[in-house]
Structures are given as structure tokens and as C-alpha cells.
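K.L.:
all I have is the shape, not the residue letters:
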């Protein structure tokens, strides 16, 4: 499960880039998206070459999530699920129908994407809060997004080290990797397929270089079948 601290943190960039980078290495990757979203799955389909799926506890019911996820991952080596909004943001004041609820239903380890562009030492407080809020949620690692420099990354890693939560990579701030947004989110793939394909190739190469793909695969393999 690729989750974020809030909307706009870069979940789609990290999740889609991870799918594309793994596929480029020859890994059979399947994808799913939390919620009824239809735009993000279009990016997933380009990255994986497989039909995307949606996992929505509010519409389908929590008991349907595991069978839907199993169907999504059939024939694949790994299923990458992209969350929605912030990790604990649900249909009401609690975590119902949230990314966290889906991760718990699937017993899926969570990779938390943190927008580090305006953080240094405070990143530890942010990650610590997400790690400890729910006792059964498995926070398997952190991906730092929009990191400004090597020095900035070193500060972030130093701050996070006492938590014992693996940093599974960091992506630099790069405007070329930002798909043009609208007020309701990403532009659908069908409107700019050529531009999206070119961006996806650059993103896959960047993810392969900056994220710990073996570590992420090992984390996924610790999830129950």
C-alpha cells in the first residue's frame, strides 16, 4: 500500500513510478486504487500494461476487499495499491473506508510518502504520529518526496533514524515529473497520452535510481498471500 500524509503529497507519482520501474525490470506488476477514482488507474494501466482495479470499502463493503485484491493480483508477482487522500482520511471523522482501513483489511504493509520539501527535523514527528496512531497498521517504510538536495536528504534521514522505520528512498524535486493538474486532480491519460508516456519513462528511471526496489519487493513479500 502506497499511502500519503495528505492529498497532493505525491502518492500517484511514487506509486506509478514504482509500478513502471518494477515492470521495466521484468517484474509482473498489478495495480489497484483505493476509492472510486478513474483517473489515477489510467496512469497505473500505462505503467503495468494490465487493467487497473478499484478497492472501495464504502461501495463494495470491507468483506469484498480481499477477493477484489486477489483478483487484481492474479498472475502477478506483486500488487501495488495506491491510497487516497491522507492515510487515515475516510468517509467520516474516523478511518472508515480510508486507505488505512483497506490496508488493515488486506493486512498490507504501508509505505508512507512524505512531502519533505518544507521539512527537516520535524519529519520525525510526522512519521512517528502516523506510525503510532493505529496499533495494528504495519508501517513498513517511508519514501521522501520533493527532497531539495543531498544535504537535505541527509538531515531527513538523520532525523528519522531513531524511529527505526526504513527510509526506502527519496525522490528529488523535479517539475518535469509533475503531470499537469486540475482543481479536481490529474488530467486523464487519454487527453495527453504522448506526454504522459514520456513522463512515465523519466519517472521509472528516476525511481529505479533513487528508491530501494529490492527492499520494497521484500516488504511486499512479507504480506500474507
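P.N.:
Yep, that arrived. For clarity, every value in this text was computed on a predicted model and none was experimentally measured.

K.L.:
how about stretch 55-72, which residues are buried there?
P.N.:
Of all the residues in stretch 55-72, those buried under the rule 16 or more other C-beta atoms under 10 Å are 55, 56, 57, 65, 68, 69, 72. Placement of C-beta: from N, CA and C, glycine included.

K.L.:
pretty sure the third one sits against residue 101.
P.N.:
This points to residue 57. Yes. Contact criterion C-beta atoms under 8 Å: residue 57 and residue 101 qualify, at 5.5 Å.

K.L.:
before we move on, the earlier item: turn the buried residues of stretch 55-72 into a markdown table, columns for distance to residue 107 and pLDDT.
P.N.:
Below are the buried residues of stretch 55-72 laid out as a markdown table (distance: C-beta to C-beta, whole Å; pLDDT from 0 to 100):
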| residue | distance to residue 107 | pLDDT |
| --- | --- | --- |
| 55 | 13 | 95 |
| 56 | 18 | 89 |
| 57 | 14 | 83 |
| 65 | 11 | 94 |
| 68 | 14 | 95 |
| 69 | 10 | 96 |
| 72 | 15 | 95 |
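
K.L.:
now flag whichever of those residues is closest to residue 132.
P.N.:
Nearest to residue 132 among the buried residues of stretch 55-72: residue 57, at 23.0 Å, using C-beta to C-beta.

K.L.:
skipping adjacent residues, who's closest to the closest one in space?
P.N.:
The shortest distance from residue 57 to any residue other than its chain neighbours is 4.5 Å, reached at residue 97 (C-beta to C-beta, 6 or more residues apart in numbering).

K.L.:
likewise for residue 210?
P.N.:
Leaving aside its sequence neighbours, residue 210 sits nearest to residue 169 (C-beta to C-beta, 6+ apart; 5.1 Å).
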